[in-house]
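Engineer: Need the 3D shape of this:
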Amino acid sequence: VSHLAAVLCALLTPLAVETAGSPPTCPPGQFAYLVPTAPVYAQAGDYVCRVCRYCADGQEVVRPCGGTDDTGCGGCIRQKDGFVYDEGTKSCQHKDVIAGLKRPEDFLTRENLRGTVPGPVPDRGVLGVGLWVALAVLMVVAGVLLFLLLRRRNSKRRGKDV
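Structural biologist: Next up is the predicted model:
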């Protein structure tokens, strides 16, 4: 009789766990996920908090993450402009970029990125100035190192001549 009770208890426990309980309140950036009832999962039938997934670069968010729902991602925001989801880069790319006819940089302008990136697009003129400043600093450091190296070399020569 005790073996029969143990077997019945083992068989009915997963059903009780699956139907009992409500989803937990997860911290921001997570949602309540119901673990499938399968013998391989230790938490089968229980809710666990999982990290919300992010939509790919350029993909539209159709459902925000929260409660028991993960983030829902839709098509490319700029689909009407010829952008499609690319499995290779896991992002929305222009069909000409995928075909190798154009570079991704060809589509980076302030006008066509409005609303798709969190920050401003860097101005190429400002980037050029930063590059020149970095190059000038590098040249000054190289000049100082060369001066110190030549000075040390000359001081060693003077020591041998005397």
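Engineer: ranges for the helices of the chain?
Structural biologist: In the chain, the segments counted as helices under DSSP state H are 2-19, 95-98, 110-113, 124-161.
Engineer: Any idea which of the ones you listed has the lowest pLDDT on average?
Structural biologist: Among the helices of the chain, helix 2-19 has the lowest mean pLDDT, at a mean of 40.
Engineer: pLDDT at Pro24, what is it?
Structural biologist: So Pro24 comes in at 87 (pLDDT).
Engineer: and what of Val35?
Structural biologist: Predicted confidence (pLDDT) for Val35: 84.
Engineer: Quick check on the residue nearest to it when sequence neighbours are not counted: phi, psi?
Structural biologist: Leaving aside its chain neighbours, Val35 sits nearest to Gln43 (4.7 Å; criterion: CB to CB, 6 or more residues apart in numbering). Where C-beta positions appear, they are placed from N, C-alpha and C, glycine not excepted. Main-chain torsions, Gln43, degrees, to the nearest 10: phi -110, psi 30.
Engineer: can you tell me how far Gln43 sits from Asp70?
Structural biologist: 17 Å (CB to CB, to the nearest Å).
Engineer: And those two? Which one has more around it.
Structural biologist: Asp70 (18 against 12; other CB atoms under 10 Å).
Engineer: ok, the residue lying closest to the more buried one once chain neighbours are set aside - contacts?
Structural biologist: Of all residues not flanking Asp70 in the chain, Phe31 sits nearest, at 5.4 Å (CB to CB, 6+ apart). Neighbouring residues of Phe31 by CB atoms under 8 Å, 6 or more residues apart in numbering: Cys49, Arg50, Cys52, Cys65, Gly66, Gly67, Thr68, Asp69, Asp70.
Engineer: Please consider this matter closed, and thank you.
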